[in-house]
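Novice: what would the 3D arrangement of this be:
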Amino acid sequence: MKNIPISAMIGLFLMAAYFLMAIFAPLLAPYGMAEVVGDVWEPSSPEFLLGTDNIGRDLLSRMIYGGRTTIFIATAATILSFVTGSVLGFFAAVIGGWVDQVLSRFVDLIMSIPTLIFALVVLSVMPVTIPILIVVMGLLDSTRVYRLARAVAADINVMDFVEAAKLRGEGRSWIVFREILPNALSPLVAEMGLRFIFAVLFVSTLSFLGLGVQPPEADWGGIVKENKEGIVYGIPAALLPAVAIATLAISVNLVADWVLNRTTSLKGGRG
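Specialist: Down below sits the predicted model:
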């Protein structure tokens, strides 16, 4: 612990707090997610610590459940994007030839379309459920991961320890998972933090536009949408989830920077 900088400790603390809140949301929330318990936009009080929302639901409970939904979707989409993008990128770099060309040009085609517009088009013709959101977000984001993974793998693939493994007769799977992957973790871990935050912002944006998490389910973007009219009257209900998104983004970036600084050097082959 003594070697962890203060910034990383703050980031770890905030991340742990948010993820524990997401895991134990039913135990922490004082009221049900969709339970109407008071008047519209009541101010903060001992009964409602953050006040109530636009139809009288406890805002603290909505924030806790909304954080659970937002973090779950963002985490699942990030895992999907990294598993898909990194594996395809590694194999494209190792195999090369027409496989690399076909995959890379397809990824270029997908990336040429703005991600938000692509998602809006897809979600407008499909049922908007949480699994669909995860798949759409994960696959769209995997294109960015593919480009990074392929570029890193292409550099590692020409190093001496990889050439030695090839001369030993190791297969492509060994090369990818035992030689390239351990040495590609540093940029991938740093990118994972950024992609996670992008996923949080992405699902929040979709919910704000009405094509994300559907009511009565709660997520931070949806809470902003539901309470945005209150800003005109000085009611901060729409600002609280924005603050939550910002603090989560900062904490993840602090941790990602620390991890990146600890894993910057290539480890070399495992033999």
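
Novice: what's the closest non-adjacent residue to residue 213?
Specialist: residue 219 (4.1 Å; Cβ to Cβ, 6 or more residues apart in numbering). Every C-beta, even on glycine, is put in place using the N, C-alpha and C of the backbone.

Novice: one more: residue 89?
Specialist: Residue nearest to residue 89 in three dimensions, not counting chain neighbours: residue 149, with 2.9 Å by Cβ to Cβ, 6+ apart.

Novice: what comes up buried for the helix or strand harbouring the one you found?
Specialist: Using DSSP states H and E, the secondary-structure element containing residue 149 is helix 130-156. The neighbour-count criterion (16 or more other Cβ atoms under 10 Å) identifies 130, 133-150, 152-154, 156 as the buried residues of helix 130-156.

Novice: got it, and stretch 164-180?
Specialist: 165, 166, 170, 175, 176, 179, 180.

Novice: same deal with stretch 247-255?
Specialist: Residues of stretch 247-255 classed as buried: 248, 249, 251, 252, 253, 254, 255 (neighbour count, 16+ other Cβ under 10 Å).

Novice: that stretch: how far from the chain's middle?
Specialist: Distance of stretch 247-255 from its chain centroid, counting by Cα atoms, centre = their mean, to the nearest Å, is 12 Å.

Novice: and if you look at stretch 112-120?
Specialist: For stretch 112-120, the distance from its own C-alpha centre to the chain's C-alpha centre is 17 Å (Cα atoms, centre = their mean).

Novice: quick check: mean pLDDT across it?
Specialist: Computed over stretch 112-120, the mean pLDDT rounds to 91.

Novice: and what of stretch 184-191?
Specialist: Here the average pLDDT along stretch 184-191 is 82.

Novice: hang on, the earlier thing: tell me, how many neighbours does the residue nearest to residue 213 end up with?
Specialist: Residues within reach of residue 219, counting by other Cβ atoms under 10 Å, total 31.

Novice: how close does the residue nearest to residue 89 sit to residue 139?
Specialist: Separation of residue 149 from residue 139 (Cβ to Cβ, to the nearest Å): 15 Å.

Novice: same question, residue 3
Specialist: Per Cβ to Cβ, residue 3 is found 38 Å from residue 139.

Novice: what of residue 76?
Specialist: Residue 76 sits 12 Å away from residue 139 when distances are taken as Cβ to Cβ.

Novice: residues of stretch 79-86 that come out buried?
Specialist: For stretch 79-86, burial by neighbour count (16+ other Cβ under 10 Å) applies to 79, 80, 81, 82, 84, 85, 86.

Novice: in a helix, residue 77, correct?
Specialist: Yes. Assigned with DSSP: H, G, I helix; E, B strand; the rest coil, residue 77 falls within a helix.

Novice: contact partners for it?
Specialist: When the contact criterion is Cβ atoms under 8 Å, 6 or more residues apart in numbering, the partners of residue 77 are 133, 134, 137, 138, 141, 199, 202, 203.

Novice: between those residues, which is nearest residue 15?
Specialist: Closest approach between the contacts of residue 77 and residue 15, by Cβ to Cβ: residue 199, at 14.7 Å.

Novice: which SSE is that closest one in?
Specialist: According to DSSP H and E, residue 199 maps onto helix 181-208.

Novice: buried residues, that helix. List them.
Specialist: By neighbour count with 16+ other Cβ under 10 Å, helix 181-208 contains the buried residues 181-193, 195-208.

Novice: can you lay out the contacts of residue 77 as TSV showing pLDDT and distance to residue 121?
Specialist: Shown next, in TSV, are those (pLDDT from 0 to 100; distance: Cβ to Cβ, whole Å):
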residue	pLDDT	distance to residue 121
133	93	14
134	95	18
137	94	14
138	95	17
141	93	16
199	94	19
202	94	15
203	94	17
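
Novice: and the furthest pair within the residues you listed?
Specialist: Of all pairs drawn from the contacts of residue 77, the one with the largest separation by Cβ to Cβ is 133 and 141; the distance is 12.0 Å.
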